[in-house]
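Asks: For reference, the sequence and a predicted model appear below.
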Amino acid sequence: MEVVPNSRYIYPDTDIDRQEGTVIEDLRGSSQQTMADPDGWLEEAPREGFMLTTVEAALNWARRSALWPVVCFPACCAFEFIAGAASRWDISRFGMEIIRASPRQADLMITAGTLTWKMAPAVRRIYDQMPGPKWVIAMGACAISGGLFVPHGKSYSVVPGYNRIIPVDVYVPGCPPRPEALLYGIKMLQDKISKEKIFKT
Amino acid sequence: MTLALSGEDLAPILSGRFPGSIIKATKDSLLVKSEGLLNLAAFLQTEAGLEFDYLSNMTGVDYREYFEVVYQLTSLKHNHSLIVKVQNHDRSNPVLPSLVCLWCGANFQEREIYDLLGIKFEGHADLKRIFLWEGFQGHPLRKDFTDGA
């Protein structure tokens, strides 16, 4: 039986090297001239395919279509939000899949959970650190009114609603709200943003 | 499964060593006097055959007439457990001995009981509120707690 040296299998055959060299030489031979840049259509562009809108509408479209939520998950509503952010409900369809850990890179706070007075200064600070324009969605019963932790409007430790410490744009009820409800709240916020007046008279 | 030791079985041993320290012994627990609690607890921790080396839980209860603190002791060495209780009838200034020197796990638990029930633990090095903030008035898990908010 003939013994085949191992090197035949480890290193490429010289035939393959030769074929590769042919391909390179062919491409090199046919590429001696530069190609024309594809900019001929630039001459025609101003004459066709543009539309008119107001600056306000364009800005509001840009703002509502790229909301950046900040992490504010003090309690269990966070899991519905996380489900909403994941592939099944997928808030990225509304341009907001990037949930920032830094408030300085965010413009939307979704308050997913119970807030205690001890935690309240931290949430207030996160809100203050967000650059404007910024919006707040109060998610769940606790965020709206303190929920079941504030019976008869009384609690020694729980804040009866985030609107005690920060302004709230949209309230999403539920305990917790389903991701569909949160998505509906986000759509309502986007509708609200699209009606926003930028130029105050 | 951890064997839950009966208070009735342990009471004779402890009564012999610490006369008068046991107020009540039941199948489930031992009710002991707060005065000798530290020595009794140290005995439970070190005595051969008992060696409760782990404080698995500690909690306080308000029974309106008195406060009760419940210690759930476990021996990882012998895989058995025991429940020890102490009572305090002084509602205006309840004081109990701290067991942090025996079980470090008692540290945060005693702070929690102090925070929510207002029981002071003598000998605790850093007895301050743990859930609520400095300046909070009252102790909210007391049955007679009222809050204006």
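Replies: Alright, I've got the coordinates.
Asks: Which parts of the chain are strands?
Replies: Defaulting to chain A. Using DSSP state E, the strands assigned to chain A run over residues A:69-70, A:108-112, A:135-139, A:170-172.
Asks: should've been chain B
Replies: B:3-4, B:22-25, B:29-32, B:54-62, B:67-75, B:80-88, B:95-97, B:120-122.
Asks: Need the winner for burial among the ones you listed.
Replies: strand B:29-32 (a mean of 22; mean count of other C-beta atoms under 10 Å in any protein chain shown). All C-beta atoms are positioned from the backbone trio N, CA, C, and that covers glycine.
Asks: which residues touch the residue in chain A that chain B sits nearest to?
Replies: Taking C-beta to the nearest C-beta, chain B has its nearest neighbour within chain A at residue A:156, 4.5 Å off. By C-beta atoms under 8 Å, 6 or more residues apart in numbering or on different chains, the contact list for residue A:156 reads B:132, B:136, B:138, B:140, B:145, B:147, B:149.
Asks: For chain A, tell me which of these show up nearby.
Replies: Among the contacts of residue A:156, the residues that sit close to chain A (C-beta under 8 Å from any C-beta of the partner chain) are B:132, B:136, B:138, B:140, B:145, B:147, B:149.
Asks: Cross-reference the residues you listed with the helices and report the matches.
Replies: Among the ones next to chain A among the contacts of residue A:156, DSSP state H puts none in helices.
Asks: Provide a PyMOL selection command restricted to the buried entries of these.
Replies: Provided next is the PyMOL selection string for whichever of the ones next to chain A among the contacts of residue A:156 are buried by 16 or more other C-beta atoms under 10 Å in any protein chain shown:
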select buried, chain B and resi 132+136+140
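Asks: Flag the least confident of the ones next to chain A among the contacts of residue A:156.
Replies: Least confident by pLDDT among these: that is residue B:149, with 48.
Asks: ok, back up a step: quick check: which of the strands of chain A is nearest to residue B:60?
Replies: strand A:108-112 (32.2 Å; C-beta to C-beta).
Asks: Paired strands for that closest one, with orientation please.
Replies: Partner strands for strand A:108-112, per DSSP bridges, with pairing direction: strand A:69-70 (parallel), strand A:135-139 (parallel).
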